[in-house]
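Asker: Give the three-dimensional model of this entry:
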Amino acid sequence: MLRTTLGSSGIEVSRLCLGTMTWGSQTPEAEAHRQIDLAAERGINFMDTAEMYPVNPVRKDTVGRTEEIIGNWVRKGGRRGDWVIATKIAGEGSVARDKGEVIDGASIRTALERSLRRLGTDHVDLYQFHWPNRGSYMFRKNWSYDPRGQNRAAVLANMEECLATLAALKAEGKIRAWGLSNESAWGMAEWLRLAGQGTGPRPVTIQNEYSLLCRLYDTDLAELGHYEDVTLLAFSPMAAGLLTGKYAGDVIPAGSRREANAGLGGRITPRVWDAVAAYLGIAARAGLDPAQMAVAWCLTRPFPCVPIFGATTVPQLENALGAADLALGKEVLAEIAAAHKAHPMPY
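Answerer: Residues are numbered from 1 along each chain as shown. Presented below is the predicted three-dimensional model:
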């Protein structure tokens, strides 16, 4: 599998990243370990997790379970050195944080130490902030996003504190690089500016939602990613399963993510089904698997992009891995562009 470098970090990763957020809820531990082994066989060396995982649902009593599953794989003989492991500290309001606890110097260090113990490792290759303390317009909040309650001086002071802690953790060998998630163009630009002034290490990635159905990244952040060498880690490239076709006709298959979350985090809207049908139609006419087409499309973007795809089962993973060798033709890309113009922002 082709490799790429995460921003300016020098860390080489596979062009596809193995997602883990269902491990410990929908996906049992033994199945998760089989997924790691299969992904490695197919050339993947990059996996992404978070302290608050698993999801569907996120619960106080399961926080950290996904990291533990990965750690158990390492402890039973998994080759830690073959993998680039990314994890995240949850933001304020998560069940992973104490009430009122924000991402700051103290919480970063505490959360990282807990993640290291669960993962069975002495370092994390990529440490990420799951969402900003000041809030985010991701997860459909863009429709009513209002930043006026933010205090610029306080935000910048917190950023400086976090960067100082990240610098110390990097010097201690506990992290190799760091990045953001659910971040905005202004936020990423400020982190980069402060890092450029010597406050701390430069962020190298931004993990935001990105798919054929969710393209908020395509303007200001795309330009930033290009010029500043920041790699997009595109989560939900299959739009939480919508682009696989399994929910077509507004159905809810037994055992699916939608059975646990009927609205798929706000993705089910009156407009989404026409958009889904358009992309499924493109795949059908080209003789392509729609899930593979959705993931492979991310690899065609004009900015650094590594799609993160998750699978509940090994057969789903087997299918998704086919995206690695899929080259989309000009005709397919032209149809996708037309479909996007016809169905912009379907949720």
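Asker: For residue 307, I want the exact helix or strand it lies within.
Answerer: Using DSSP states H and E, residue 307 maps to strand 305-309.
Asker: tell me, how many neighbours does residue 327 end up with?
Answerer: By other Cβ atoms under 10 Å, the residues close to residue 327 number 8. (C-beta placed from N, C-alpha, C; glycine too.)
Asker: I'd like the distance between it and residue 276.
Answerer: Distance from residue 327 to residue 276, counting by Cβ to Cβ, to the nearest Å: 23 Å.
Asker: roughly how far apart are the residue nearest to residue 252 when sequence neighbours are not counted and residue 307?
Answerer: Distances taken as Cβ to Cβ, 6 or more residues apart in numbering put residue 258 closest to residue 252, at 4.8 Å, once the chain neighbours are dropped. From residue 258 over to residue 307 the distance is 21 Å, taken as Cβ to Cβ.
Asker: neighbour count winner among these two?
Answerer: Just comparing residue 258 and residue 307: by other Cβ under 10 Å the higher neighbour count belongs to residue 307, 26 against 21.
Asker: quick one on the thing from earlier: distance of the residue nearest to residue 252 from residue 124?
Answerer: For residue 258, the distance to residue 124 - Cβ to Cβ - is 32 Å.
Asker: got it, and residue 213?
Answerer: 31 Å.
Asker: And for residue 90?
Answerer: According to Cβ to Cβ, residue 90 and residue 124 sit 15 Å apart.
Asker: what's in contact with stretch 177-188?
Answerer: Here stretch 177-188 makes contact (Cβ atoms under 8 Å, 6 or more residues apart in numbering) with 6-7, 9, 11, 86, 88, 125-132, 134, 136-139, 166, 170, 191, 201, 203-209, 220-221, 224, 228, 230-231, 233.
Asker: Mind checking which of the residues you listed are buried?
Answerer: Buried members of the contacts of stretch 177-188, counted by 16 or more other Cβ atoms under 10 Å: 6-7, 9, 11, 86, 88, 125-132, 134, 136-138, 166, 170, 191, 201, 203-209, 221, 224, 228, 230-231, 233.
Asker: thinking again about what came up before, can you list the helices and strands that the very next helix or strand once past the strand holding residue 307 packs against?
Answerer: The helix or strand immediately downstream of strand 305-309 is helix 314-320, counting by DSSP H and E. Helices and strands touching helix 314-320, by 3 or more Cβ pairs under 8 Å, 6 or more residues apart in numbering; DSSP states H and E, are helix 29-41, helix 290-298.
Asker: Return the distance of the helix or strand bottoming out on mean pLDDT in the chain from the chain's centre.
Answerer: Lowest mean confidence among the helices and strands of the chain (mean pLDDT, DSSP states H and E): helix 257-260, at a mean of 92. Relative to the chain's own centre, helix 257-260 is displaced by 19 Å; criterion: Cα atoms, centre = their mean, to the nearest Å.
Asker: Quick one: residues in contact with the very next helix or strand once past that helix.
Answerer: Per DSSP H and E, the first helix or strand lying C-terminal to helix 257-260 is helix 272-286. Helix 272-286 is touched from outside by 212-213, 239, 242-243, 245, 247-248, 250, 288-290, 293-294, 329, 331-332, 335-336, 339, 342-343, 346-347, with contacts defined as Cβ under 8 Å, 6+ apart.
Asker: Separate out the buried members of those.
Answerer: Neighbour-count burial (16+ other Cβ under 10 Å) applied to the contacts of helix 272-286 gives 212-213, 239, 242-243, 245, 247, 288-290, 293-294, 332, 335-336, 339, 343, 346-347.
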